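**Student:** Take this sequence and fold it.
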Amino acid sequence: NERRAMAAGEASFGARAFALLAALPVLWVLLSSINASPDGGEGIGNAVVDVRGNTCRLGDHQRCTLRDSLNFAMNADFENTTELTLEQDLDAMLLSACRALGVEDPELNCAPGSGARLVDSKGSRVMFIEDLIFEKSVPPIYVVPRWLHFVWPTVEIGHVVEPTNVVSADPENPIKLKTLSHLPRVFQIKNFMSSKEAAQLIEQNRDKIQRSTVGATATYDKTRTSSNTWDISTTLAKRFKKRAFDLLAMDHDVRLEDGLQVLNYKPGQYYKPHVDWLNPETEDMVGNLVPTVNNGTNRFATVFFYLNSVEAGGHTVFPRSVSHGSFDGNKVMRDGPKNPPPGYISDRDAAWACNTSSSALRSEPIAGDAVLFYNQLPDSVLDHESLHGGCPVIEGEKWAVNLWIWNRPRAGSFRAKTNKAKGAQKKNGQISFNLFNQAGRAADIHWVHPESGDLQKISTIEAEDKLGMNSYNTHTFVATDKGTKSPRWWTHVVSPKDEGIQIVVKYGDK
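**Tutor:** Reported below is the predicted structural model:
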């Protein structure tokens, strides 16, 4: 039986060998056709060799069609493209594109290592020349010189793109970016967060919210009636900030971010239209607030995401937009006063913009979605058209979050300018200022009795929260850990120069 089995196996092997020999001519023809590579690459077996000596499998259709030229455009300028022959080196390609597109001083502003970069139409940075040669990067390719950040091109109203540079919380529902307006540059973002993430962010901040403030001095104002708090360092906050930077095709840099501002609007509450960028004419900071001058910095973009769907009202409105699809040609805003200040809108026009009978651009608050708008134009000029506001909630409540991202790191804190002489006080001697807790822990703020030295607790400030204060010259305040009176790890003596500024509370700052 063993000999019979061996004989049968040998016969079977012989039959298979004969069949293989008979098929060799056909196999040779197939291998020859695979060896014939497309133009621009040298065939080796079933692969193509690129300019760096790497191989590209012909079965990978997304990387194996070779290009010899490609369309390039200046940052966000999708209408004016230039076809260029591809170089064999990415640095050379970037420099060639900058020269062709008229970038000022390209040898400086597009030099290797300067921060200049190429970004494709889906928001992915071009990292290797092979990304251009093979069909990986999606044209046109945008040139971003060293002093700028990538700005999403609007293309046309209703244009939808699935960014490849950001990962959705739900892989089955990818993030999609839809153009709502050309000027201001506004996009709807679908599927920015999951329902689980949204619910968790609400719950971890529900008990922390308090009346919202406005401006660099963080004062209460009738133009903003919502409540808010700040979520700076929780795991969820860090995740959202990273996702927002990815969406903007920016490297995540904590120096360019503000904390997540968690917002709550009850029925009837609203935020009158305003601009998010800080006015260089009225607000000071170390450095300057003009992005185009001397390394100035200001708020570059706002990502505003909705944590719940509102039953009625609560839209984000853009009164100055006249390029959106539903605009009927009638101005939402009247001409107003001559030379109005940035962010100006009359109460009447603000109310009309939120009226559904007007054709103003309004972004609907839908749970998990977000709206992205730029506070600066692609060339870093502050955009006066970025006026926006929160319409009154009519039914239900609104939970939302906004994140401001700056174009450059800030050199220091800012404060409101004043026409008063330095050191001036209010008529009653009262001095108003804000405390901003950057100690990384909750702090109890105490007033120190000038005679007995006893502590009288004023309030508790959670980490990264603010507290408005009204006090008098020479009054002393100290900070301790929450629920304690010692040790005193921060002390501040009030003086007239504190009027209208923000004072940082830091651990160990005595």
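
**Student:** all strands for the stretch 1-150 of the chain, in order.
**Tutor:** 42-44, 47-49, 55-57, 69-74, 81-85, 117-119, 141-144 (DSSP state E, counting those that start in this stretch).

**Student:** With the stretch 201-350 of the chain instead?
**Tutor:** Going by DSSP E, counting those that start in this stretch, the stretch 201-350 of the chain shows strands at 210-211, 227-231, 260-265, 271-274, 283-285, 299-306, 312-313, 316-318.

**Student:** Return the distance of the first one from the chain's centre.
**Tutor:** If I follow you right, that is strand 210-211. Averaging C-alpha positions (C-alpha atoms, centre = their mean, to the nearest Å) puts strand 210-211 25 Å from its chain's average.

**Student:** Would you mind pulling up the elements that that strand packs against?
**Tutor:** strand 227-231 (3 or more C-beta pairs under 8 Å, 6 or more residues apart in numbering; DSSP states H and E). (Each C-beta comes from the backbone N, C-alpha and C, glycine too.)

**Student:** re earlier: nearest to residue 170, out of the strands of the stretch 201-350 of the chain?
**Tutor:** strand 299-306 (14.6 Å; C-beta to C-beta).

**Student:** picking up where we left off before, mean pLDDT lowest where, among the strands of the stretch 1-150 of the chain?
**Tutor:** Lowest mean pLDDT of the strands of the stretch 1-150 of the chain: strand 42-44, a mean of 36.

**Student:** possible to save the strands of the stretch 201-350 of the chain as a markdown table with mean neighbour count and mean pLDDT?
**Tutor:** A markdown table is the format used below for the strands of the stretch 201-350 of the chain (neighbours: other C-beta atoms under 10 Å; pLDDT from 0 to 100):
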| stretch | mean neighbour count | mean pLDDT |
| --- | --- | --- |
| strand 210-211 | 12 | 86 |
| strand 227-231 | 20 | 91 |
| strand 260-265 | 23 | 95 |
| strand 271-274 | 22 | 94 |
| strand 283-285 | 18 | 59 |
| strand 299-306 | 24 | 98 |
| strand 312-313 | 17 | 97 |
| strand 316-318 | 25 | 98 |
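
**Student:** which stretch among the ones you listed comes nearest residue 403?
**Tutor:** strand 299-306 (4.8 Å).

**Student:** What is that closest one packed up against?
**Tutor:** helix 235-247, strand 370-374, strand 398-406.

**Student:** The last one - contacts with which helices or strands?
**Tutor:** This means strand 398-406. helix 195-203, helix 235-247, strand 260-265, strand 299-306.

**Student:** now those as CSV including distance to residue 135?
**Tutor:** Shown next, in CSV, are the helices and strands packed on strand 398-406 (distance: least, C-beta to C-beta, whole Å):
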stretch, distance to residue 135
helix 195-203, 34
helix 235-247, 23
strand 260-265, 38
strand 299-306, 30
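
**Student:** which one of these lies closest to residue 385?
**Tutor:** strand 299-306 (13.5 Å).

**Student:** Excluding its own residues, what touches that closest one? List them.
**Tutor:** 149, 189, 192-193, 198, 240, 244, 247-248, 256, 276-278, 291, 316, 365-376, 398-407 (C-beta atoms under 8 Å, 6 or more residues apart in numbering).
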